[in-house]
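# below are the sequence and a predicted model; questions follow.
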Amino acid sequence: MAYAAWTASTAYAVGDVVRATSVQASGLVFRCTDAGTSDSTQPAWPTDIGSTIVDNTVTWTAISSVYEELSVLAPNAVIELFQLTLDATLHGTSDTYYFHAGTNANVTGNIVWNGNQYTRLPIQAEGFDYSNGGTLPRPTLSVANLGGEISALLLLANAVTPGNDLGGAKVTRIRTLKKFLDGEATADVHAKFPDEIWYVDRKSAENRDVVQWELASKLDLAGMMIPKRQIVANICQWQYRSSECGYVGTGYYNAQDQVVGTLAEDVCGKRLDSCKLRFAPITRTGSVTDGNNQLTLTSAISIETGAQISGHGVPTSTTVSAVSGDGRTVTMSNNANASTTATLTGTIQPNGTSLVVSSSSALATGMRVSGSQIRSGTTITAIAGTTLTLSQAATVTYTLQATRTGQVLGVTLPRYGRAGSFQLVFPSGTTGISVGQIVRGPGLPNNYSTTVTRIYNIYTLLGPKVIVETSYTFTSESASGSYTFYSVDAYSSASYTFTGNNRYVFRDPAYTLPFGSFPGAGLTT
């Protein structure tokens, strides 16, 4: 299927699936597992199935983009595509060649995928399977050379680097389903298996009919060492306050991470704690009120104006405008769009999962709800006007109306447009019993699911008797004893408390913790 692209500042519900705004080599899409609103910028999407990423108040879990199609009874044909990318320093050009074997789904011509035309060539690609033997695969790629085109490429590479034979060229193996190719009704360049990246290690055979290469992972290439730059635990190799480090703040600390007063005394301790002290976000507990731009904190904060604020009730892109002298009140650039805590009068509806309140302006989905007949852990899952949808039904109370001794008469057959029902016979009257009540007793389920559906009299040789039909349809004609009748209490208006997450995060946008991109760490030598 074609998945919608992720969009900024958008409310997502649990189960929604999005793709990244650009094609991902991982072949993954992302399912919402915690509802919320996306951030103003796209997150760094994970590359492993099952990994999660927090996007403002949304949590995404990575899933395969083609799993749903492969799990059907008759999945579409798998199409295998190859890209051969040359290296200008080794081969004299950085051209990319696109080709496919054309062995699946009776494809007899060229294929177009993501705007690129893949030429049909006789190809045999094998050895891509991984094993638990502790070694990486070394696949082989055999390409027909009847017209001499492959030999011409080898001559070109040899002219630049004698004896090269396209060694070091990158081979990308792409697999998708036929239904997702360009021109198909369900074309989708995002729906594919994870891309596989290999490199030509050596030419293993060449004749007038075929050229064969042995491929290898970048980790398995001869003469390669990775990483080019070693990373030593808890020691930063960057130059402090340089373009590598990126820190330009006015918070000054010495090598022992103690606060100092001037730039001249500012020295980085080159430890993880030293980096976090300068870059990591600050978290405080506090509260906001809907329509007000004041954030009240439980402990003081020292933060520069312009720092970003995120948390419950804080609109996207909100920043710090001012901080009070005691550091406990932050003036925000935007008014809050929900309150951290609100108490409102409301009435639970008969379905038990809807709560109508006097006003919902201070509320947001995800807030916890407490109050009369509300179960522990209940939250707001949706808001429509003043009607809230609860994550679980409220509790129900019952009032005893009557107790009667009787026995099972039998089960009625469906007739006169009514379904079959369970019949109880009582020699006494019907005082306190009415249609719609809950009935419990011998032969009936031990819960509050059986209701009275009809009451009428019959006349026997021993005198009149009352027949009560119920919604229960199981036959137990030997049952007899005491039966109790209950009315379901209506929900009454009550006071309910709504509570959001009270933790707020402050981050200066100019200072981003620079982990994961040490210069040269991802290169080979």
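Right, received. Where do you want to start?
# which other residues reach stretch 191-203?
1-3, 25-28, 64-66, 69, 128, 138-139, 154, 165-177, 180, 211-218, 220-222 (CB atoms under 8 Å, 6 or more residues apart in numbering). Quick note: C-beta positions are derived from backbone N, CA and C, even for glycine.
# ditto for stretch 154-170
83-87, 90-93, 153, 197-203, 206, 211, 213, 221.
# the residues you listed in strands, which ones?
Counted as lying in strands by DSSP state E, out of the contacts of stretch 154-170, are 83-85, 197-203, 206, 211, 213.
# ok, back up a step: buried ones among the contacts of stretch 191-203?
3, 26-28, 64-66, 69, 128, 139, 154, 165-177, 180, 211-217, 221 (16 or more other CB atoms under 10 Å).
# for the stretch 101-250 of the chain, what spans make up the helices?
149-160 (DSSP state H, counting those that start in this stretch).
# can you map out the strands along it?
For the stretch 101-250 of the chain, the strands defined by DSSP state E, counting those that start in this stretch occupy 111-113, 116-120, 123-126, 140-144, 170-177, 196-206, 210-216.
# and the third one, which residues are buried?
Along strand 123-126, these residues count as buried under the neighbour rule (16+ other CB under 10 Å): Ile123, Ala125.
# could you do the longest one as well?
By neighbour count, and taking 16+ other CB under 10 Å as the criterion, the buried residues in strand 196-206 are Glu196, Trp198, Tyr199, Val200, Asp201, Lys203.
# quick one: low-confidence ranges for the stretch 101-250 of the chain?
Across the stretch 101-250 of the chain, residues meeting the criterion (pLDDT under 70) sit at 103-107, 134, 222-234.
# so how far is Leu146 from Phe99?
Remark: distance between Phe99 and Leu146 (CB to CB, to the nearest Å) = 14 Å.
# neighbour count for those two, which is higher?
Phe99 (19 against 11; other CB atoms under 10 Å).
# go ahead and confirm Tyr118 touches Asn110.
Yes. If you go by CB atoms under 8 Å, Tyr118 and Asn110 touch, sitting 6.2 Å apart.
# these two: which has the busier surroundings?
Tyr118 (24 against 14).
# show me the contacts for the more buried one.
Leu81, Phe82, Tyr98, Phe99, His100, Asn110, Ile111, Val112.
# what subset of the residues you listed is buried?
Leu81, Phe82, Tyr98, Phe99, His100, Ile111.
# tell me how far the nearest residue to the last one once chain neighbours are set aside lies from Asp182.
To tie it back to what came earlier, the one meant is Ile111. Among residues not flanking Ile111 along the chain, Tyr118 sits closest, at 4.5 Å (CB to CB, 6 or more residues apart in numbering). According to CB to CB, Tyr118 stands 10 Å off from Asp182.
# and for Gly127?
Gly127 is 29 Å from Asp182, by CB to CB.
# out of the two, which sits in the more crowded spot?
Asp182 (14 against 11).
# give the contact list for the residue nearest to that one when sequence neighbours are not counted.
In space, Asp182 comes closest to Val112 once its chain neighbours are excluded; the distance is 4.1 Å by CB to CB, 6+ apart. By CB under 8 Å, 6+ apart, the contact set of Val112 is Tyr118, Leu181, Asp182, Gly183.
# who does Val112 bridge with?
Gln117 (DSSP bridges).
# what helix or strand is Tyr483 on?
Element membership of Tyr483, judged by DSSP states H and E, is strand 480-488.
# list the buried residues for that strand?
Going by neighbour count (16+ other CB under 10 Å), the buried part of strand 480-488 is Ser480, Tyr483, Phe485, Tyr486, Ser487.
# what domains does the record give for the chain?
4-65, 78-220, 282-338, 341-396+493-500, 398-488 (automatic domain parsing).
# can you list those in a markdown table and add distance to Leu263?
Converted to a markdown table, these look like this (distance: least, CB to CB, whole Å):
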| stretch | distance to Leu263 |
| --- | --- |
| domain 4-65 | 31 |
| domain 78-220 | 43 |
| domain 282-338 | 16 |
| domain 341-396+493-500 | 40 |
| domain 398-488 | 73 |
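# surely Glu126 meets Pro139?
Yes. Assessed by CB under 8 Å, Glu126 is found in contact with Pro139 at 6.5 Å.
# returning to what we had before: show me the one of the domains of the chain that comes nearest Arg507.
domain 282-338 (5.0 Å; CB to CB).
# give me the low-pLDDT residue ranges for the stretch 401-525 of the chain?
For the stretch 401-525 of the chain, the stretches flagged by pLDDT under 70 are 410-421, 428, 459-464, 473-478, 508-525.
# can you show me the strands along it?
Using DSSP E, counting those that start in this stretch, strands in the stretch 401-525 of the chain cover 422-426, 438-440, 452-460, 463-470, 480-488, 494-499, 503-507.
# which one of the ones you listed lies nearest to Ala322?
Of the strands of the stretch 401-525 of the chain, nearest to Ala322 by CB to CB is strand 503-507, at 13.3 Å.
# name the element the residue most central in space within the chain belongs to?
For the chain, Trp60 is the residue whose C-alpha lies nearest the centre (CA atoms, centre = their mean; 2.2 Å). Using DSSP H and E, Trp60 sits in strand 58-64.
# which positions in that strand come out as buried?
Residues of strand 58-64 classed as buried by neighbour count (16+ other CB under 10 Å): Val58, Thr59, Trp60, Thr61, Ala62, Ser64.
# got CSV for those residues, with distance to Ala11 and pLDDT too?
CSV is the format used below for those (distance: CB to CB, whole Å; pLDDT from 0 to 100):
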residue, distance to Ala11, pLDDT
Val58, 9, 94
Thr59, 14, 94
Trp60, 14, 94
Thr61, 18, 94
Ala62, 21, 92
Ser64, 25, 89
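# what's the closest of those residues to Ser299?
Of the buried residues of strand 58-64, the one sitting nearest to Ser299 (CB to CB) turns out to be Thr59, at 27.1 Å.
# and the pLDDT for the closest residue to that closest one other than its chain neighbours?
Of all residues not flanking Thr59 in the chain, Asp34 sits nearest, at 3.6 Å (CB to CB, 6+ apart). Asp34 carries a pLDDT score of 92 in this model.
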